[in-house]
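Engineer: Kindly generate the corresponding structure for this input.
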Amino acid sequence: MDRPQLPLLAAHSGTNRDAMTCLYRCGNACDHPAPNTSGNEYFSAEVSRRGIFKTAAGAAAGAIVVGSGLAAVAAPVAAYADDTTPVVPEVLPNTPAPAPSELTFKAIPPNKIDAVIVPNGYDHSVVIKWGDPVERDAPKFDARHQTPEAQAKQFGYNNDFVAVLPLDKRGKRALLVCNHEYTNEELMFYGYAGPDTMTVDQIKIAMAAHGMSVVELERNDGEGQWRLANPKTGLHYNRRITTSGTKFELTGPAAGSAFLRTAADPTGRVVIGTQNNCAGGVTPWGTVLSGEENFNQYFVGGDGAPEAAKPALKRYGIDTVNRYPAGNRKWDRADARFDVAAHPNEVNRFGWIVELDPFDPESTPKKHTALGRFKHEGANIILAKDGRAVAYTGDDERFDYLYKFVSDKKMDNGKSARARKHNLSLLESGTLYVAKFDYTSAGEIDGSGKLPTDGLFNGSGKWIPLVRGNQSLVEGMTVEEVLVFTRLAGDKVGATKMDRPEDVEPNWKTGKVYCALTNNTNRGVGSNPKADEVNPRNANKHGHILEITEDGGDNAAETFTWCLPIVCGDPNDPSTYFAGYDKTKVSPISCPDNVAFDGAGNLWISTDGNQLGSNDGLFAVPLEGPQKGYLKQFLTVPFAAETCGPFLYEDNRSVFVAVQHPGEVSGASIEKPASNWPDGDFGKPGIVVAWRRDGGAIGL
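Structural biologist: You can find the predicted model right below:
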């Protein structure tokens, strides 16, 4: 593909991710010291409980309160409707999975082509891209004449998590639900010359391009290809969720607390908008979960916060020295609530797990405080043996933690509206845990990635309870403090510092839980924590996959065993490991980000920030049988893009991926694009579906 010659991938801070991506996606998080400096002792020597939390007493509008059994396993269910009106989704039993079988596709080689590449025998198409109409009255996209009103009705920017939920039993209609994580104004606006030159309308356009989209799809019988629904017959469910225009309900024990009240919302129960939504999940009752991740980069004015509040702000990545941190978007110019000095509690209203009912276009999305506040990559749910919902979620930051939530109430498998209402409340009360790992070969870990003498990186662990219902289990912290400042609670109880725990997803077939630990180039560097058995390499560039087996096969258990089935990188690198499989046959993989499972229980892995010099992609690997560990690359995304998703549709005939930030390299602009994907113009994020041409199951 023709592409202007630009400085390619100006690698940033020890990674292969371009500096432009680091700036816009996470606010140059890797340029700053990791927020977790606790040593897993209560906060740090400079912080006291009274100093951070005392100001919460009597807080109100304008007050400074910143510191204050496997048999029950269920796959994500379908929710069905007729052609015109929304109905209560029908909870169905699991579709029988195909028996374990070989991954039959031929692995594609690493490449740097500005296109989506799939194996022979497969095809793909673009389902939707930035600017395409979502709501029925959305105008046609015009990059030179954008408006906030138009963007609020069009598909947002930098799509990340993807879910596709059936709308009918024939498999011809479905709802696509997608997160829009962040914007890159350099690639969005003609004549862009920095945040200080942006008009207020341009800032509002960027706000509207964040959030989520719900889009109705359709396909022909028996085919794996999907397309946008016909506007004349579909679009009843289509909806945009934005940072500036959508109300959210806060639920759970912290809702209404002094930490969450603002001048605009003295109740502390209604938040406007969601932002930096990364990964997510589909619940067994047919809703979608979305994780608010790098919310800190949107706030300014941390320098104006009270000194006693600054340690808590710093723990969440808020710059407390400069009013405008380098690269800040300066959203306060369009909406003053993003100024911490003027509106200190607004920042506490982001960093939650969001739940959206896509089958009710009039519903109010929820932010669930019971699941804790941190930089959520996403959340995924499985049912415990007794029917309680168990949600796993990671805090995507160097040296931060892995969490689990177990609901108080059990899921109701009925089909009535009453059952539906009950299930929509499951995430409002329960027990929140953080993970502590123990090791079998601690004395043998030297940071090189060399396997211990027992041939495995493995061990046991426990889930440390932080909150149970309305009771705090962290000494010296109230329930509200634990849930709003969850990182501080994890510090105090001695949770294990991890290498960026991103997507965490249970395998619905086995009940085992898999976590993508993307990388941590600071591991073992300088005074930073050194390698341990669950994070076995210093200066970890390539990341690894963690497998957790809950004791007794019950996802509600408080103890577990664990192992690392995949240690990523170039197979020729002796520090890599692929479940013992012959490394001469596997594909190279770097920086695992999101995970998913097909109908046979095989693990699918998407990557972000490949540090092996080629495009990011989608990989698949069996977790059992003779091909266990035989990892193969299924797909690559265009130049400088990230592979997000993935999502395998319930009949296993389609796999969806989100192509995020194509052509995002230093020196690129909308006038001088580094990618022409997907339509030959400038690069636009979009959703791709891939399928087998013969109609068979993906990968099998």
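Engineer: quick one: contacts for the spatially most central residue of the chain?
Structural biologist: Residue closest to the mean C-alpha point of the chain, counted by C-alpha atoms, centre = their mean, is Ala279 at 2.2 Å. Neighbouring residues of Ala279 by C-beta atoms under 8 Å, 6 or more residues apart in numbering: Asp160, Phe161, Asn179, Gly291, Glu377, Gly378, Glu502, Asp503, Asn594, Cys644. (Glycine included, C-beta is placed from N, CA and C.)
Engineer: Go again with 7 Å.
Structural biologist: For Ala279, the contacting residues are Asp160, Phe161, Gly291, Glu377, Gly378, Glu502, Asp503, Asn594, by C-beta atoms under 7 Å, 6 or more residues apart in numbering.
Engineer: swap in Asn380?
Structural biologist: Asn380 makes contacts with Gly281, Ala391, Tyr392, Val504, Glu505, Pro506, as judged by C-beta under 7 Å, 6+ apart.
Engineer: let's go with 8 Å and repeat that
Structural biologist: With C-beta under 8 Å, 6+ apart, Asn380 has these contacts: Gly281, Leu289, Ala391, Tyr392, Thr393, Asp503, Val504, Glu505, Pro506.
Engineer: So what pairs up with it in the strands?
Structural biologist: Judged by DSSP bridges, the bridge partners of Asn380 are Tyr392.
Engineer: What separation do you get for it and Thr369?
Structural biologist: Counting by C-beta to C-beta, to the nearest Å, the gap from Asn380 to Thr369 is 19 Å.
Engineer: just Phe682 next, same as before
Structural biologist: Taking C-beta to C-beta, one finds Phe682 at 40 Å from Thr369.
Engineer: Look at the two and report which has more neighbours.
Structural biologist: Thr369 (28 against 21; other C-beta atoms under 10 Å).
Engineer: contacting residues for the more buried one?
Structural biologist: Leu250, Thr251, Gly252, Pro253, Ala254, Ala255, Trp352, Leu483, Val484.
Engineer: ok, Arg170 - how many residues close by?
Structural biologist: 9.
Engineer: Which of the three states applies to it?
Structural biologist: Secondary structure state of Arg170, per DSSP: H, G, I helix; E, B strand; the rest coil, is coil.
Engineer: Excluding covalently adjacent residues, which one is nearest to it?
Structural biologist: Counting by C-beta to C-beta, 6 or more residues apart in numbering, Asp221 is the residue found nearest to Arg170 once chain neighbours are left out, at 7.0 Å.
Engineer: gap between Ala174 and Asp598?
Structural biologist: To Asp598, Ala174 is 17 Å away according to C-beta to C-beta.
Engineer: ok, now Arg269?
Structural biologist: Remark: distance between Arg269 and Asp598 (C-beta to C-beta) = 40 Å.
Engineer: which one of the two has more residues nearby?
Structural biologist: Asp598 (23 against 16).
Engineer: OK, contacts around the closest residue to the more buried one other than its chain neighbours?
Structural biologist: Using C-beta to C-beta, 6+ apart and skipping residues adjacent in sequence, the residue nearest Asp598 is Leu648, 5.0 Å away. Applying C-beta under 8 Å, 6+ apart, we find Leu648 in contact with Ala596, Phe597, Asp598, Gly599, Trp604, Ser654, Val655, Phe656, Ile698.
Engineer: residues in contact with the residue lying closest to Glu397 once chain neighbours are set aside?
Structural biologist: Nearest non-adjacent residue to Glu397, counting by C-beta to C-beta, 6+ apart: Lys375, 5.4 Å away. With contact set as C-beta under 8 Å, 6+ apart, Lys375 has these partners: Glu292, Glu293, Asn294, Phe295, Asn296, Tyr316, Gly317, Gly351, Asp395, Asp396, Glu397, Asp400.
Engineer: sec struct for the nearest residue to the fifth one once chain neighbours are set aside, please.
Structural biologist: Closest residue in space to Asn296, ignoring its immediate chain neighbours: Gly317 at 3.8 Å, by C-beta to C-beta, 6+ apart. For Gly317, the secondary-structure state derived from three-state DSSP is coil.
Engineer: Looks like Gly317 contacts Phe299 (just checking).
Structural biologist: No - counting by C-beta atoms under 8 Å, Phe299 is not a contact partner of Gly317; they are 9.5 Å apart.
Engineer: between these two, who's got more neighbours?
Structural biologist: Using other C-beta under 10 Å as the criterion, Gly317 and Phe299 rank with Phe299 on top: 27 against 23.
Engineer: for the more buried one, what are its contacts?
Structural biologist: By C-beta under 8 Å, 6+ apart, the neighbours of Phe299 are Ile318, Phe338, Asp339, Val340, Glu346, Val347.
Engineer: from the residues you listed, which is closest to Ile545?
Structural biologist: Ile318 (31.2 Å; C-beta to C-beta).
Engineer: Run a quick neighbour tally on the closest one.
Structural biologist: 24.
Engineer: Can you report how many residues neighbour the closest residue to it other than its chain neighbours?
Structural biologist: Excluding the flanking residues, the one nearest Ile318 by C-beta to C-beta, 6+ apart is Gly302, at 4.4 Å. Using other C-beta under 10 Å, Gly302 has 27 neighbouring residues.
Engineer: What of Ser575?
Structural biologist: 18.
Engineer: ok so, going back, for Lys436, state which of the contacts of Thr369 is nearest.
Structural biologist: Leu483 (19.3 Å).
Engineer: what kind of secondary structure is that closest one in?
Structural biologist: helix.
Engineer: Next up, phi/psi of Phe295, please.
Structural biologist: Note on Phe295: backbone dihedrals following degrees, to the nearest 10 are phi -70, psi -20.
Engineer: hang on, the earlier thing: could I get the contacts of Lys375 in TSV, plus columns for distance to Lys106, pLDDT and secondary structure?
Structural biologist: Listed next are the contacts of Lys375 as TSV, based on distance: C-beta to C-beta, whole Å; pLDDT from 0 to 100; DSSP: H, G, I helix; E, B strand; the rest coil:
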residue	distance to Lys106	pLDDT	secondary structure
Glu292	39	98	strand
Glu293	35	97	coil
Asn294	37	95	coil
Phe295	42	96	helix
Asn296	43	95	helix
Tyr316	45	97	coil
Gly317	43	95	coil
Gly351	42	98	coil
Asp395	37	98	strand
Asp396	33	96	coil
Glu397	38	97	coil
Asp400	38	98	strand
